[in-house]
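Undergrad: Fold the stuff below for me.
(chains A and B)
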Amino acid sequence: MSEQRHALARALATLVAGMLFGFGLSLSTMIRPEVVLSFLRLSDFGLLLVMGGAVLVVLIAYKLVPRVLAQPLLDNHFHQHMSIWDRDTAVGAALFGVGWGLCGVCPGPAIAGLGAGNLSLLWALAGIALGALLQGLRVK
Amino acid sequence: MNIILSLFPLGWQHYLLGGLLIGSGAGLLFVLTGRIGGMSTVFSSSWSYLVQRTFFQQQRFVESRRWRLVYALGLILGALLWWLGFAGGRAEATALPAWQLLVGGFFVGYGARLGNGCTSGHGICGLGSLQLPSLLAVLTFMATAFLTANLAARWLS
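TA: Numbers count the residues shown, from 1 in each chain, chains lettered A, B, ... in the order given. You can find the predicted model right below:
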């Protein structure tokens, strides 16, 4: 395949992967803030099944696939994203939780929910975009 | 049976199946393109189109900004498919007031980007690659979210 066709195939693959992700978020009703909040208020533990199911599949993919394949099917290397535990991660995660607990919306559902016609989520989306902007502007 | 009903009053199958599909999306992205697909980075990388500051012009944002937008478009299309094909096309809605979505969203965006990850970045991709810092991040945001949601239920309604 030429590089151009490869790039197109990667874009399509990314789109389809996103569609699976968005379909899953919708089917599991994570695009409903009320369902997320009912988990955080301990009246419906479904979110744990969503997260557990997703982690299980991703764990298999991340750990097994690089042993079987030398490179991804449409590109030349597997990315790694190492997370670190420092003050920023701790403060950031704590603030993220405060926001998530207030509105029941996190970045994935804020985007996916629009596709299911929940236009109120544009408020959350705007908030997330502004928060991300301010975070970047405050970095020296 | 009663335990299952009290833990999952709305049923549990759609949660598990949905979770497996979310994982399949992130897994497929990895198998085909090698990319790690958390969702919060798109909110920083997309600003690189508009804001010239050094932070937003970092290579990791500029190089990934296009595919992250394609991935986000996929999320919308996937939800649209579910909505039209499986949910009878009744528009989703939330009863939460706009200010709560906006202010909550602001903290979500600021915190996820400062902490380098959200429920999908740390929660799914980070835990899926068995990273201890991501586990600590998940426990931290679960704790503050639990506190906030319960205090908000008491004070705001």
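Undergrad: host element of residue B:28?
TA: Using DSSP states H and E, residue B:28 sits within helix B:13-33.
Undergrad: buried set for that helix?
TA: Neighbour counts using 16 or more other Cβ atoms under 10 Å in any protein chain shown place B:14-33 of helix B:13-33 among the buried residues. The way it works is simple: take the backbone N, C-alpha and C, and place the C-beta from them, glycine included.
Undergrad: Out of those residues, which are close to chain A?
TA: Filtering those for neighbours of chain A using Cβ under 8 Å from any Cβ of the partner chain leaves B:14-33.
Undergrad: quick one on the thing from earlier: what's the next secondary structure element after the helix holding residue B:28?
TA: Heading C-terminal from helix B:13-33 (DSSP H and E), you reach helix B:42-45.
Undergrad: Which other helices and strands does that following helix contact?
TA: When contacts are defined as 3 or more Cβ pairs under 8 Å, 6 or more residues apart in numbering or on different chains; DSSP states H and E, helix B:42-45 sits against helix A:107-115, helix A:121-138, helix B:59-86, helix B:98-114.
Undergrad: is the longest one up against chain A anywhere?
TA: When you say that, I think you mean helix B:59-86. Yes - using Cβ under 8 Å from any Cβ, helix B:59-86 reaches chain A at B:67, B:70-83, B:86.
Undergrad: ok, back up a step: out of the helices and strands packed on helix B:42-45, indicate the one that is most buried.
TA: Sort these by mean neighbour count, taking mean count of other Cβ atoms under 10 Å in any protein chain shown, and helix A:107-115 sits at the top with a mean of 30.
Undergrad: Wondering if that helix reaches chain B at all.
TA: Yes - interface with chain B: helix A:107-115 contributes A:107-108, A:110-115 (Cβ under 8 Å from any Cβ).
Undergrad: Kindly reformat the residues you listed as a markdown table containing pLDDT and distance to residue B:101.
TA: Listed next are the residues of helix A:107-115 next to chain B as a markdown table, based on pLDDT from 0 to 100; distance: Cβ to Cβ, whole Å:
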| residue | pLDDT | distance to residue B:101 |
| --- | --- | --- |
| A:107 | 97 | 13 |
| A:108 | 97 | 15 |
| A:110 | 97 | 9 |
| A:111 | 98 | 14 |
| A:112 | 97 | 15 |
| A:113 | 95 | 11 |
| A:114 | 96 | 13 |
| A:115 | 96 | 17 |
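Undergrad: Out of these, which comes closest to chain B?
TA: residue A:115 (3.2 Å; Cβ to the nearest Cβ).
Undergrad: ok, that closest one - contacts?
TA: A:22, A:26, B:75-83 (Cβ atoms under 8 Å, 6 or more residues apart in numbering or on different chains).
Undergrad: Could you dump these into CSV with distance to residue B:116 and pLDDT added?
TA: What follows is the contacts of residue A:115, written out as CSV (distance: Cβ to Cβ, whole Å; pLDDT from 0 to 100):
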residue, distance to residue B:116, pLDDT
A:22, 23, 98
A:26, 26, 97
B:75, 20, 98
B:76, 24, 98
B:77, 27, 98
B:78, 25, 98
B:79, 25, 97
B:80, 30, 97
B:81, 30, 97
B:82, 29, 96
B:83, 31, 95
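Undergrad: Now the two most distant members of the residues you listed.
TA: B:75 and B:83 (12.5 Å; Cβ to Cβ).
Undergrad: Now find how far off-centre the helix holding residue B:28 is within its chain.
TA: Relative to its chain's centre, helix B:13-33 lies at 13 Å (Cα atoms, centre = their mean, to the nearest Å).
Undergrad: which one is residue A:99 nearest to, not counting chain neighbours?
TA: residue B:107 (2.8 Å; Cβ to Cβ, 6 or more residues apart in numbering or on different chains).
Undergrad: Surely that neighbour and residue A:98 touch.
TA: Yes - using Cβ atoms under 8 Å, residue B:107 is in contact with residue A:98, at 5.1 Å.
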